[in-house]
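Peer 1: Sequence and predicted structure, then a few things I'm wondering about:
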Amino acid sequence: MEYAVPIREDMMRPEAIAFEVQGDSMDDGTPNTIRDGNVVIVATLLTDLVRGEVFLVELPGQGLMAKRLRRVSDAPWFLSDKPTNDFFPAGDVVWVVGQTYGKLSYSRVS
């Protein structure tokens, strides 16, 4: 589904896309965490893998997901920030959409 997301002008880049995160795999409980329902802003021109950065990637059979790149035993792996969740080698990724550089959080108003 496509819809418009209000983004501050200083956060916008011509090649940027917005992606709504579903699930809590990137929620490590810290203030800057990526939570279920947050929207990450992704620079689609930044596809070179940089350790420690969060990327939007496609994994076969699982679709798009936000994961952090780490080195494990001297090899690149994508990991969740929540330690109990999934991880997979970078070689399993079929498409690196881009590197995230911003996050939008929305709260429900009653």
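Peer 2: All right, it came through fine.
Peer 1: which strand residues sit across from the residue nearest the centre of the chain in the sheet?
Peer 2: In the chain, the C-alpha nearest the mean C-alpha coordinate belongs to A66, at 2.7 Å (Cα atoms, centre = their mean). With DSSP bridges applied, A66 shows beta-bridge pairing to L56.
Peer 1: For the helix or strand of the chain with the lowest mean pLDDT, what is the distance to the chain centroid?
Peer 2: Least confident element among the helices and strands of the chain, by mean pLDDT, DSSP states H and E: strand 87-89 (a mean of 88). Computed by Cα atoms, centre = their mean, to the nearest Å, the chain-centroid distance of strand 87-89 equals 14 Å.
Peer 1: what comes into contact with it?
Peer 2: 59, 67, 72, 75-80 (Cβ atoms under 8 Å, 6 or more residues apart in numbering). Backbone N, C-alpha and C define where each C-beta goes, glycine included.
Peer 1: Report the buried residues of that strand.
Peer 2: Using 16 or more other Cβ atoms under 10 Å as the test for burial, strand 87-89 gives F88.
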